[in-house]
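> Please find the sequence and the predicted model below.
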Amino acid sequence: MTVIDHALTASLYMVALAMLFSLYRLLAGPSVPDRILALDTLYINTIAALILFGMQLRSSIYFEAALVIAMLGFVGTVMLSKYVLRRDIVE
Amino acid sequence: MRRLLTSPPLSLAVLLLWLLLVADFSPGQLAIGIILALLLPWLAGMLEPERASFGRTIALLALTRRVLWDMLLSNIEVARRILGPERVLTPGFVWIPLELTNIHGITALASIITLTPGTVSAELTGDRRFLLVHCFNLKDADAQVAEIKARYESLLKEIFP
Amino acid sequence: MELALASLIGLLSAAGVYLLLRARSFDVILGLTLLSYATNLLIFSSGRLVIGKPPVLQVDEAGKAIAPTLAHYTDPLPQALVLTAIVIAFAMTAVTIVIAMRSRSDNGSDHVDAGGEGMP
Amino acid sequence: MLELLLALPFVFAIVVLLHRSASRRTTAWLAGAAPLIGLGLLATLTPAVLDGTIPQSVHPWIPQLGLAFSLRMDGLAWMFALMVLAIGVLVVMYARYYLSAEEDAPKFFGYLLLFMGSMLGMVIAGNLLLLAIFWELTSISSFLLIGYWSRQNEAREGARMALTITGAGGLALLGGVILIGQVVGSYELDAVLAAGDQLRADPMYPAILALVLAGIFTKSAQFPFHFWLPHAMAAPTPVSAYLHSATMVKAGVFLLARLHPALAGTELFFYVVTSIGAATLLVGAWNAIFQHDLKGLLAYSTISHLGLITMLFGLSTPMAVVAGLFHILNHATFKASLFMAAGIIDHETGTRDMRRLGNLRRYLPFTSTLAIIAALAMAGIPLLNGFLSKEMFFALALEIEGHAGMRIAASVVAFLAGVFGVAYSLRFVHDTFFGDGPRAVDREIHEPPRFMKIPVEVLVVLCLAVGIVPAWTIAPVLATAAHGVLGDAVPEYSLAIWHGINLPLLMSFGGVIGGALLYLGLRRLINLHAVARHALGRHLFRVNTRALLTSARRFTFHVTDGSLQRSLWWVLIALIAIAGLPTLAALADGVGASQPMPVLGWAVWLVAIAATVGTVLLHRQRLLALLVIGAVGLAVSLIFVLMSAPDLALTQLLVEMVTIALMLLALNYLPQESQRTDDAARRWRDGAIALVVGAGIGALAYAMMTRPLDTVATELLARSLPEGYGRNVVNVILVDFRGFDTFGEITVFGIAGLVVHALLRRARIAADEVVPGVAGPLPMPSNLSHLLFPLALAVSAYLFLRGHNAPGGGFIAGLVLAVPLLLQYVLLGSQYVESRLGFNYVRCIGIGLLIAAATGLAPMLLGYPFLTSGHVEPQLPLIGTVPLASAIGFDTGVYLVVFGGAMLILSMMGTVNPPRPPVRRAQPAPDSPATTGEDA
Amino acid sequence: MIAAIDTAGTLTTLGAHLPVLPILLPLLFGAVLLLAERRGIAVQRAVSALAMAVLTLVAIALVRAADADTISMYLVGDWPARLGIALVADRTSALLVLTTTLLAGACLLYACAGWDRRAIHFHALFQLQLAGLNGAFLTGDLFNLFVFFEVMLIASYGLLLSGGRGPRMRAGLHYVVLNITASTLFLIALGLLYGLLGSLNMAELAQRVGQADPSSLALIRAASGVLLVVFCAKAALVPLYLWLPNAYSRAPAPVAALFAVMTKVGVYAVLRVYSLVFGSEAGALAGWAWEWLLPAGLLTLVLATLGALASKSLRMLVAFLVIASAATLFIAISLNTAGSIAAGLYYLVHSTFVAGALFLVVDLIRRQRGAIGDNLDVAGPLRHNAMLGLLFATAAISVSGMPPLSGFLGKVMLLDAVPADAVAWVWSVVLATSLLTVVALARTASQTFWRAQPWPDTTPVPAPPSRAQVAAVVLLLAYGIGMTVFGGPLMRYTDAAAGQLLAPADYIHAAHATAPQLREPSP
Amino acid sequence: MNAALEYLLAALLLIGSGFVLVGSLGLVKLSDFFKRLHGPTKATTLGVGCILLASIGYHAWIGDGLGLREILVTLFLFITAPVSAHLMSLAALKIGLQRRPPRPDAETGGVSGREPDEAGH
Ligand code: NA
Ligand code: NA
């Protein structure tokens, strides 16, 4: 185990914990925007998890997944917010 | 050329993106990249809600450097605040009167405000004259407005006249 | 790992079934969605649970192909099946949602049954 | 020849039915031609039949089943054919004048000919299955004939009752016939009739007998199935004269005669058939006395005579068979003429009610004379044909051997039947032709047209001729028929009128006296006209039918009440029932151990579990449930990431986004919260079954996962690169190994788009809740997403091109194209986007499917199977070697269909129109064509 | 397109591709029809007619080819059966393809009288539905069967609901949700089976079930139990039939008529999977399903007949008769003898045609009864009473198993084939329900055709049935009559088909023996 | 190989995931929506950026060559995070989680665009 492996392990722990924090907000609310924010954060946490996991496996096979989340993960946030704003998300 | 290259910066971005993605600078990939770089901005251009022109793009570099640095510094600040006691926080809204009229400029300013910690751009008025910003820890509203305008809006006005 | 996944599959199924029986079109759709997660995970798990061996053929450091066996790669077939299943489930969900919309609009209620609660 | 004979009535039936506008006269001539020509054909066959040879013809039909179209005319068949055709001619002639001008004569004669053909087919069938077919055809055609006056409730009910009872018998008969076939190994009559000993010895014999007799007794209106016959009197009188006296009701006794060599001759047969016949004889005769309707009286009388014939066949001795056959003929002649007379009376007076009739001998002297003679034949008065066969019956009853009890009982029954027969005959004659009356008749009564009387005259003359000189008239016919049944075992018998003074003669004499006394006594004791007989049979039939119907309704509407939940509930019950025990058994067989899981895995697991529970808890607040279920989807894709499935993770992520979009779009048109209408008990019950099912599935999954596996995957991995030209084995499976699945999958996807399009294109749906105010522009987000759009397209192209070697591929790329476009719809509005980017998504789907298909078709031109993949590496100037797998063509199709389908669905859902203002906003219309013309 | 090419060489080449053509052609025509939509209804009808003509020829060729004594395997993508997907044309699948095609031709004809204008994408969806149906019949791969089930189902949703509204939407929602639930269970079963046996090819599965480790037998049994529930739900077996009456009775007539074959797909799937994978080669699990299916089939038959008796509308009545016919099929196949399966196959074809005809003729009647529609209430006298009556009577006689039509022959074949130990139950149920069906139909006919009150003067005179509509019904009835007249050759065929089904070893052998053209065979 | 690089990467990783964690912690800890909005939109974004940087270095370090593709992830995050935050604030303002201050030019009546939607939920 090199330093970096330890750092990776620690990072994974931290990211896992971060995901649980986001989960808490998702379930606890109280408001809808809070939950949207929590889901959005969960997506971003996922990117971190993907990259870390790829490093641990020494593989870049999950890069595309991270890319797609970074690029399109916010679409859900946009739509949900738009729903709260207007109900009709495609006007 | 104008018809072929609807938006040179966007075309450049697409080409760069392509080459970064395939991580292969062979002639074949370059060719595909160029085709995409010409095709996609044109396609996207059909949807472009409003056109706006670019000005001094060289200022972009200065702005990028400034933003990255600010991000780093104030992230640390926000992290400290989150970890620290919450009651010392004094959050609040401020309206920032905009001098920018170029939509790209406004967008960039709003994004920068959001990306730099402590502030989130919350709303743009319909007439685009004011940007509502939520500050994580607002002490002096006027100073905050002045700082944002000085640090970012001035540079942005050069880039997006 | 297996126990965790199996318990998740079980919970998803139970939750899906419960929502399916709630008889409001939207709840039913949520239930079907949960059930489809459960299903996908179950099919997926039929290739067994393997960490870090995606079925994308690689070369090793020396540039030599890694032997294409189950020792180095996980079973790709269930993954292909799940892909198909996901797509089909999506298509079905879309159709169900639209029918639910139409049914509510035409019939004035989002209850799936005409006479309200029908007791089995 | 036999075929021609059989075809005649059917051909003429079709001719008549096709010429609906033809006059009564023409129609009647056509209808009469069939039996007339038939009689001619029969005449040419007669010499052979009389010789004792059996004209036959066999056409194979379904040899595997033993069903052949074989026809066979032995003496019995000949006698019945003669009866069917001859009386057929008379009935047609009679009906020509019976039917009024307004009535639909072609329909009547058409049905009558269909019946005639069926009856003829039944009697000359040489294969038992074929016989059963014609047997049922007589039921069907009689249904049509009884219901001819379809506006009358009585007619419809009578028709249904007859069909139900005789149909039931027909099914039983079919069963019996099949059993006979299984025992004998053939349905051919020759074989069956020769296998009597084998049949009687077979353990299935009681079952066979029960089934066959059920058919016979229902058809021939034997007690307790007799009640349908009086109700069949709702039919026009020619029908009654034909079907209910001469032919159809004789089908049962015909079959008794037909199968006599095969089934008769056992104690069982003797007791059952004789007792049922005796019971019918008495019940029919006794009831006949109390009828007020002329046809009702005749119907009960028919029942009684059928009982007599049945009883004779039950006795089973050769002599009894002869007597039975003889009585069949006699009854046909006198009863048909009586029905026709009743029809004339009805026709001329407008009523058949004996309480209103009387004294008709003054008005209809000629008809009265004929009817009285026929009635005397029915009563068994000497010098008429009825007397001869009845006396034979008395003699046979007195001669029963070996069953002293039966002998006495049968003799008593026979005598009583004689008494009753005389009594109802007297009533018929007295109440109709003598006494006072007629009462309350609204027309002038005169003799019917000449040709309407001729059939009656002919039949009455036959009654007399047979009764006076049997040896010159009926003897050859009877001999032939008897030979057909008994073969060489035909006994010596004499058809003389006078056998000296013996017990049978005394019985006859006593019967006449007793009958007269009974009738007069009854008249004196009670007011016969006031007796109201309620038909117990019909009552029971009605009650049972109604009970059946009510319980069927109650059950059906209780169970199939259109409840989806009930359907689903039963699916789950079935699942538990069929897979529950094996699951427990599998767990008992032992399961393997679990591998350890990394910490990220636990976090993801926790997210998934908590979000699933959250979804259930929050499901009534729909937006929240949607948010939470999004986390489940994300967790599932993370599980795919952890467990080495990058393609799956990507797909799941993208589908998740689109699904959220879909649900949000729909939620706009659905209530924001689920109303709670179910009670706690129900929720607990549903929860319990959900837990059982979930636990079962989880247990199965665990047991499966922890077991070693030998899969075809090794081979797939090994052959992916060299033969599928791709490193991403999942993608190679999708576009090559199992490309056909993918083809189906994109078809599903495309169809989903089409279905959504079809459902929403013309729909107008009100949003659940409208947010006030006009939509504001969102300049900042739309500007940024516009920047993102071309980049996303580039990523889509990237994922598409490299999918064969790395995670990606047509499906993923298609969605990566669709999602950013969806974002444009969300931020810029659908009208704006569609006015700028005029995609026709439907065409996109079509073209995509064609491209995918074309890729698959290309190798077929070279002689290889559909979807065989190929690979080329062309050298292009400047660019160098370009590896091209044909799979990329297929993937292009996938790409287009996925993009087109997803966008079609999303754009249709996004552009639903609100309902037009009030004028058109009607109540939701049910889909009955009356109110909406839905599928006009 | 293909019919135009008449050189012998091309035909030989096409002959090699026969098993894939019944799937491929409707798919292609479906796609073409999508593109042809803007050219108007006449062009679409022409393309559809061409599609049906070609497909009919192909189906006939397929049956003729299948009537040779070999099972032909078509390796899609030239992959060995166990790696890729193999299509299998044996007598049974070929017969079902032909049945579907013939039925579909009549349904299409009927729809072309006007419904196809009202239902958006009708022609394309119709072809795609055929692709799904034929795919389900021809595939030799269990997962591929799932995929084609879905193709068939989703197209059926479109056909059922396109142009509809109101209660039909609700009925559609039920139908969809129930089918999705069933599909979910299908996938669960597939996942378990793959996870236990490591293959999806049915021949391979059959072999592997036979050699399975005893410790996994209970698991396999559970998985195949789940699968059985799925198929039985599609085939509307008790207690899973509750969904059908509503869905079918609300469907537009040509669609309902086509749906007559949909329950048969479920029956076919049971027959295929449980005679092959869990058939005589399956060792300890051989034939376990039959003992469940026989009582269920008998019970379904009784309940469906009660439903028919209880029906308050003509369409509901026919829907229950469809359930009853599926139940009869289950009885036939679960008796699992050569004779009963042969009888079942004959009955399957018969009941498909006759149910289709009934749906259509009931629709014609409904249109003549104004506001009363197909409800069994007193209406005015039916216009075109004689013609409709004749059509209805023919169909009713056939469906109730009265002689002399195909229903009678099918029933006799079945009764004749019942093994001695089951005779008591099967016979009493089959005969009793036949009687009740006769009662129900007689009641209905008397209500509809005989009982009448004069129409109010205000009632508009309905348009007479169009020629196309009548022709469609006549065509379907003619198929039934043809089945009666040519019962002999047909029964020889079904006998041989049953023989193939009862010899899974031959099927397995064919799967192994069929080598790819280019590639190496599987070891 | 290069120990300094290794330590640098480890530090980047820890800093990055630290930011990610803090961002999510903010979600849990802070008391109202607008305060919580700050955590994820930037702390998390920056954290992911650091991790990506580490990833680039790591893959170069283990000899996969210098792939700069991870920059794209960061780029996309920087483009999209403001959109998300902006829309979420709009949503929060819409349902009245907080009131806006009056527009500076409200009295002068120079408002020509959209009136801030003050209606509470
Ligand atoms: Na919308
Ligand atoms: Na809209």
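Looks like it arrived, so ask away. Numbers count the residues shown, from 1 in each chain, chains lettered A, B, ... in the order given. Ligands and ions are numbered 1, 2, ... in the order given.

> Distance from stretch D:275-293 to the middle of the chain?
Using CA atoms, centre = their mean, to the nearest Å, we find the averaged C-alpha position of stretch D:275-293 to lie 35 Å away from the chain's own average C-alpha position.

> can you dump the C-alpha coordinates of that stretch into CSV?
What follows is stretch D:275-293, C-alpha atoms only, in CSV (Å, rounded to 0.1, in the frame of the first residue of the first chain):
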residue,chain,number,x,y,z
SER,D,275,-89.0,-48.0,-16.9
ILE,D,276,-88.3,-44.7,-18.5
GLY,D,277,-90.6,-45.6,-21.4
ALA,D,278,-93.3,-46.7,-19.1
ALA,D,279,-93.1,-43.5,-17.0
THR,D,280,-93.2,-41.4,-20.0
LEU,D,281,-96.1,-43.3,-21.4
LEU,D,282,-98.1,-42.6,-18.2
VAL,D,283,-97.1,-39.1,-17.6
GLY,D,284,-97.7,-38.0,-21.2
ALA,D,285,-101.1,-39.7,-21.4
TRP,D,286,-102.3,-38.5,-18.1
ASN,D,287,-101.2,-34.9,-18.8
ALA,D,288,-102.7,-34.9,-22.2
ILE,D,289,-106.2,-35.2,-20.7
PHE,D,290,-105.9,-31.9,-19.0
GLN,D,291,-104.6,-29.7,-21.8
HIS,D,292,-106.8,-27.0,-23.2
ASP,D,293,-104.6,-26.3,-26.2
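
> what helices or strands is the host helix or strand of residue E:349 leaning on?
Mapping residue E:349 onto the secondary structure by DSSP states H and E places it in helix E:338-367. Where contact means 3 or more CB pairs under 8 Å, 6 or more residues apart in numbering or on different chains; DSSP states H and E, helix E:338-367 is packed against helix E:91-111, helix E:253-259, helix E:262-276, helix E:314-335, helix E:385-400, helix E:406-417, helix E:467-485, helix E:487-501. For glycine as for every other residue, the C-beta is placed from the backbone atoms N, C-alpha and C.

> what about the residue in the stretch 301-450 of chain E positioned nearest to chain B, distance to residue E:41?
In the stretch 301-450 of chain E, the residue that lies nearest chain B is residue E:363 (47.9 Å; CB to the nearest CB). Note on residue E:363: its distance to residue E:41, by CB to CB, to the nearest Å, is 20 Å.

> more neighbours, those two?
Summary of the neighbour comparison: residue E:363 and residue E:41, criterion other CB atoms under 10 Å in any protein chain shown, with residue E:363 having more neighbours (26 against 15).

> Does the more buried one touch residue E:255 like I think?
No. With contact taken as CB atoms under 8 Å, residue E:363 and residue E:255 are classed as non-touching, separated by 10.4 Å.

> Kindly state the pLDDT recorded for the closest residue to residue D:31 other than its chain neighbours?
Taking CB to CB, 6 or more residues apart in numbering or on different chains, and ignoring the residues beside it in sequence, residue D:31 has residue D:109 as its nearest neighbour in space, at 3.8 Å. Here the pLDDT value assigned to residue D:109 is 94.

> go on, the one 3 residues further on?
What the model reports for residue D:112 is a pLDDT of 95.

> go on, residue B:121?
Per-residue confidence for residue B:121 comes out at a pLDDT of 91.

> try the one 3 residues further on
We have a pLDDT of 90 for residue B:124.

> Can you read off the backbone torsions of it?
The phi/psi pair for residue B:124 (degrees, to the nearest 10) reads phi -110, psi 130.
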